[in-house]
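>>> 3D model of this:
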Amino acid sequence: MDEQREILWRQEYCDRFLRMENRKCGVTRSDASMKRAIQKIAQEVNAIEISRQKKGGRGGTAVNILLPPQPTQFREWLRRYEAAGYNPVSLRNFYRNSGNRKPRVDGDSSAFAMTFAGNYQSSSRPTKVMVFREYQHALEKENNVRSGNGQPPFKGISRRSFEKLIDRLDPFFTLAAREGMDAAKAKFGIVNDGLDVTRPLERVELDEWRIDLQTLLVKCGAWELLTPEEQESAASSRAWLTAAIDAASRCILALRLLSEPPSSASAISAIEMVVTGMQSPAAATECLTPCDTQASFETLVMDSGAGFIANETRAVISDLGAEALFPPSGLKEMRARIERVFGTFAQNFVRHFPGQTFENVVAKGSYDAQGNACINITELNRTLLRYVIDVYHNTPHEGLAGETPRNAWLRLTAKYGVLPPPDKAKLRHIFGIHCERRIENRGIRVLGLHYQSRELQELRRTVGQKPVAVRVNRHDLGEISVRTENGWMAVKFQRRGMDMAGISIWEWTTAAQSLRRQNAEFAKVNVDVVRKALDSIRGTADMAIERAELASPIITPEAMARLDHQLFKAFDFVEAASESSSDILGEDNAPAAAVEATACPAQPTPITTPTAQFWTNDEFGDLKDWLSDEE
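Numbering: from 1, shown residues only. Now for the predicted structure:
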């Protein structure tokens, strides 16, 4: 079945089910109800398909009827379809090219071929045929040696495959190596991408890339350092990168590396990084080049991936006052810059790091004595960020006539300037974690913290017990945003002797977990003890990594709700004798009985490795499980 027909077939199922659901005729999304609905829809859809196929046909001619989906699969179709604003493109089968994605040639053989492909970049200007023959002679000689040593021979690749390796070399540096830097600058200074831009962030391109870990390990020489078991596991491991590039300067504005497949959440996270900048991850990875690209963009160009066309993603772009542009499918030149930069990453960034660095990217699993491995997202993210910020941004670029992206950014921003990024409150309104809360006497409670103001209590008198929409900034718990009829209202955390401004969700939950381990009466904790726990955690290298989100998953509303329930359900601060027991409007709000302050340690043990102590399994569960979308 061709792709278009398959998409329309899925859309027909979704549309018919949604109409049945809308008629309120007892159709729900439970397995039993969906099975009955699917059976009815299948009869109708099959009748249409038979009618379509038998036109002009003779009796006895076979027709092709597709098996209906199972409820679990059908629910996934509906979720994607609704999230994308009923755009049928979201129903594409993203697994049509899955199959066996392992390279047909093993890692060692590929590494041997890549070594000789690079010989094309020579001032002696060898032809591709000459380099290929050199590779063939060397391969034959090497295999004779390996045979004598009892080793399996390297597999050869065809001339066509070898020339593809050469074609994937950076064209600017290939020309510079063969004909000189002046010739390369002259040629690429004339090249026009066909999409002229002049100002920084006038046009930003956003795309996703599935990272092939085996290929990276082969290119950097780390493949041979791994055991056969680790090689097998690494070959099947996956990581996804969502990145954004400024079309004018070619600077990378966002890098979001995750082990989960792309989604609207990863797209929104990358968009947030565009406007807030990459200073935090750059500092956490000890990059040397300044990273000052934070600004508002004018147009964001994306393909029709389900995460990009989702309503949530488009709403964020609209709230930023920018335009979303989705070029027609098949026109890669409309996103040529981001498409090309992924090729540059794949080809070049591993060359700048020793094999040992990438050997650390493969983390051995302690659960398996046979040496199973997986991608260490933190290490891979750290290495990629260092490459992009310190190497790529300072390397002459073919699309800039030999100018570096960093210099282009400085030149263009000095000439045109940039639009300032949204202020802190607006960023929270747009990118904050969504939740709903009722307004109580003490205000709104989120993660064990009470947010209160007179304006909030006035809103309470209007909405009563109805929940209100709340947004939480994971990087700063000092304030939350509350939705009103007139827009968003900022509400501060209120607690005498306690300031949460600048405290991140990672620091707060790590401190709470530390206190919970040490204090059986965690439900009531003295303010001074909490403050000391936070002071012992803030500023540590591990917290810098957490704040930079090099390893932690995207915190979804569902994940924060689980975290709130499991860690902070009964949490509260001890009221000091001098504190008032009434709320901000003078209403009686006597606290529950509190334990004596002496029940808490005077000084909690500092956490020097929260990633190891807090984000791993213990008697209180695994926080990463709470931050997972899975129930």
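>>> any weak-confidence spans in the stretch 301-450 of the chain?
The stretch 301-450 of the chain contains residues with pLDDT under 70 at 328-375.
>>> helices of that one, start to end?
Under the criterion DSSP state H, counting those that start in this stretch, the stretch 301-450 of the chain contains helices at 306-309, 311-319, 336-348, 355-359, 377-386, 405-416, 424-431.
>>> which of those sits closest to Val89?
Comparing the helices of the stretch 301-450 of the chain by their distance to Val89 (Cβ to Cβ), the top pick is helix 306-309, with 6.6 Å. All C-beta atoms are positioned from the backbone trio N, CA, C, and that covers glycine.
>>> separation between Glu6 and Pro69?
Glu6 sits 12 Å away from Pro69, going by Cβ to Cβ, to the nearest Å.
>>> what do you get for Ala177?
Where Pro69 is concerned, Ala177 sits at a distance of 53 Å (Cβ to Cβ).
>>> and the closest residue to Ala501 other than its chain neighbours, what does it touch?
Leaving aside its sequence neighbours, Ala501 sits nearest to Gly478 (Cβ to Cβ, 6 or more residues apart in numbering; 3.4 Å). Applying Cβ atoms under 8 Å, 6 or more residues apart in numbering to Gly478 gives the contacts Lys492, Phe493, Asp499, Met500, Ala501, Gly502, Ile503.
>>> narrow the residues you listed to those in strands?
Residues of the contacts of Gly478 located in strands (DSSP state E): Lys492.
>>> same list, the contacts of Gly478, but as CSV with pLDDT and distance to Gln452 please.
As requested, the contacts of Gly478 are arranged in CSV below (pLDDT from 0 to 100; distance: Cβ to Cβ, whole Å):
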residue, pLDDT, distance to Gln452
Lys492, 94, 8
Phe493, 92, 8
Asp499, 85, 14
Met500, 88, 13
Ala501, 89, 15
Gly502, 86, 19
Ile503, 88, 17
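>>> strand partners (parallel or antiparallel) of whichever strand or helix holds Glu208?
Per DSSP states H and E, Glu208 falls inside strand 204-212. With DSSP bridges as the test, strand 204-212 is paired with strand 238-246 (antiparallel), strand 299-301 (parallel).
>>> what comes up buried for that strand?
Val204, Glu205, Leu206, Asp207, Glu208, Trp209, Ile211, Asp212 (16 or more other Cβ atoms under 10 Å).
>>> try stretch 392-410
392-393, 395-406, 408-410.
>>> restrict that stretch to CA atoms and write it as PDB.
In PDB, the C-alpha atoms belonging to stretch 392-410 read as follows (Å, rounded to 0.1, in the frame of the first residue of the first chain):
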ATOM      1  CA  TYR A 392      31.800  24.100  15.200                       C
ATOM      2  CA  HIS A 393      31.100  27.700  16.200                       C
ATOM      3  CA  ASN A 394      34.800  28.500  15.700                       C
ATOM      4  CA  THR A 395      35.400  26.600  12.400                       C
ATOM      5  CA  PRO A 396      35.300  28.200   9.000                       C
ATOM      6  CA  HIS A 397      31.900  27.500   7.400                       C
ATOM      7  CA  GLU A 398      31.300  26.700   3.800                       C
ATOM      8  CA  GLY A 399      28.000  28.600   3.700                       C
ATOM      9  CA  LEU A 400      29.700  31.700   5.200                       C
ATOM     10  CA  ALA A 401      32.600  31.900   2.700                       C
ATOM     11  CA  GLY A 402      35.000  30.700   5.300                       C
ATOM     12  CA  GLU A 403      33.800  32.900   8.100                       C
ATOM     13  CA  THR A 404      33.100  31.100  11.400                       C
ATOM     14  CA  PRO A 405      29.500  31.000  12.800                       C
ATOM     15  CA  ARG A 406      30.700  32.800  16.000                       C
ATOM     16  CA  ASN A 407      32.300  35.700  14.000                       C
ATOM     17  CA  ALA A 408      29.200  35.900  11.800                       C
ATOM     18  CA  TRP A 409      27.000  36.100  14.900                       C
ATOM     19  CA  LEU A 410      29.100  38.900  16.300                       C
END
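>>> is it true that Val527 touches Met500?
No: counting by Cβ atoms under 8 Å, Val527 sits too far from Met500 to count as a contact (11.5 Å).
>>> compare these two (neighbour count), which wins?
Legend: neighbour count by other Cβ atoms under 10 Å for Val527 and Met500, higher for Met500 (21 against 17).
>>> show me what contacts the more buried one?
Counting by Cβ under 8 Å, 6+ apart, Met500 makes contact with Leu449, Leu477, Gly478, Phe493, Trp508.
>>> recalculate using a threshold of 6 Å.
Neighbouring residues of Met500 by Cβ atoms under 6 Å, 6 or more residues apart in numbering: Leu477, Gly478, Phe493.
>>> repeat that for Ala183.
For Ala183, no contacting residues are found, by Cβ under 6 Å, 6+ apart.
>>> any low-confidence regions in the stretch 451-600 of the chain?
By pLDDT under 70, the weakly predicted segments of the stretch 451-600 of the chain are 519-526, 536-548, 551-553, 570, 573-600.
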